[in-house]
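In: would you be able to build a 3D model of this:
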Amino acid sequence: PFAWILHFDPTRFFWASAFFGLIATILIARVGAWLLGSRWAGVLAAAFWALHPETVNAATLNMSETAVTMMFFAALALGRPWLDRGRPQPGILRAALLGLTLGWLTITKIPFAWWAVAFGSLAFLRALELRRPGPLPALVLSGLFCLAAELLYRRWAFGSWSRNGYAYWLPSIYTDLFKVFHWKYLFTPWLAVSPDANLAYY
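Out: Numbers count the residues shown, from 1 in each chain. Next comes the predicted model:
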């Protein structure tokens, strides 16, 4: 839809991948500084990701991996008040943005649904503890809105509720995942004929 609205040339989509990768690198540095306890450690983690052959190659192609990585670290940054007990209770807007982010991640790659469950559970427990339930419905409703929008898009674009281009929604893929969890894929550049190396992102 963005390409249609902005009259974006489909042969230039790699610029979007590169842009998402740049934002993801910044988010990794920020979240890494928090989780690792050092700004330098966060910068080093971001540099390792940004200079990985997988990342560099994806930034020259029309790939969703850089966008998925960006959204995942955006979810961690938005969800910091739930993950860090020293932070104040998040506001309704922050909770709604987190719900949209988690909803989008769950739609694109089903393993991220576990993060949606985790953040939802943390928000529920925090609401009970502080007796401030406001952010909880904002998080849940925005996630459900994202799902509803996806279903309407499928119906409008494909004429079917069940059409989805991502194989990670298909149960049969999980029997193959055990074959590709191998250390060598962390150092193998991505090849169009062998998508197994994409596992480095997850």
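
In: now L97. Nearest residue, chain neighbours left out?
Out: Using C-beta to C-beta, 6 or more residues apart in numbering and skipping residues adjacent in sequence, the residue nearest L97 is L78, 5.6 Å away. To be clear about C-beta, it is placed using only N, CA and C from the backbone, and glycine gets the same treatment.

In: doesn't G99 make contact with that neighbour?
Out: No. Between L78 and G99 there is no contact under C-beta atoms under 8 Å: 9.3 Å.

In: compare these two (neighbour count), which wins?
Out: Set L78 next to G99 and count neighbours by other C-beta atoms under 10 Å: G99 wins out with 28 against 21.

In: tell me how far whichever strand or helix holds that one lies from the chain's centre.
Out: Element membership for G99, per DSSP states H and E: helix 92-108. In this view, helix 92-108 has its centroid 10 Å away from the chain centroid, taken as C-alpha atoms, centre = their mean, to the nearest Å.

In: can you name every helix or strand that that helix contacts?
Out: helix 65-78, helix 113-130, helix 135-158 (3 or more C-beta pairs under 8 Å, 6 or more residues apart in numbering; DSSP states H and E).

In: got CSV for these, with mean pLDDT and distance to G42 too?
Out: Formatted as CSV, the helices and strands packed on helix 92-108 follow (pLDDT from 0 to 100; distance: least, C-beta to C-beta, whole Å):
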stretch, mean pLDDT, distance to G42
helix 65-78, 91, 11
helix 113-130, 83, 20
helix 135-158, 83, 26
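
In: out of those, nearest to V31?
Out: Counting by C-beta to C-beta, V31 lies closest to helix 65-78 out of the helices and strands packed on helix 92-108; the figure is 4.9 Å.

In: report all helices and strands that that closest one contacts.
Out: helix 14-36, helix 53-58, helix 92-108, helix 113-130.

In: out of the ones you listed, deepest packed?
Out: Counting by mean count of other C-beta atoms under 10 Å, helix 92-108 has the highest mean neighbour count of the helices and strands packed on helix 65-78, with a mean of 22.

In: quick one: mean pLDDT over that helix.
Out: Averaging pLDDT along helix 92-108 gives 89.

In: between the helices and strands packed on helix 92-108, which gets nearest to N57?
Out: helix 65-78 (9.8 Å).

In: could you check the angle helix 14-36 makes with that closest one?
Out: Angle of helix 65-78 versus helix 14-36, following axes from the mean of the first three to the mean of the last three C-alpha atoms, to 10 degrees, is 30 degrees.
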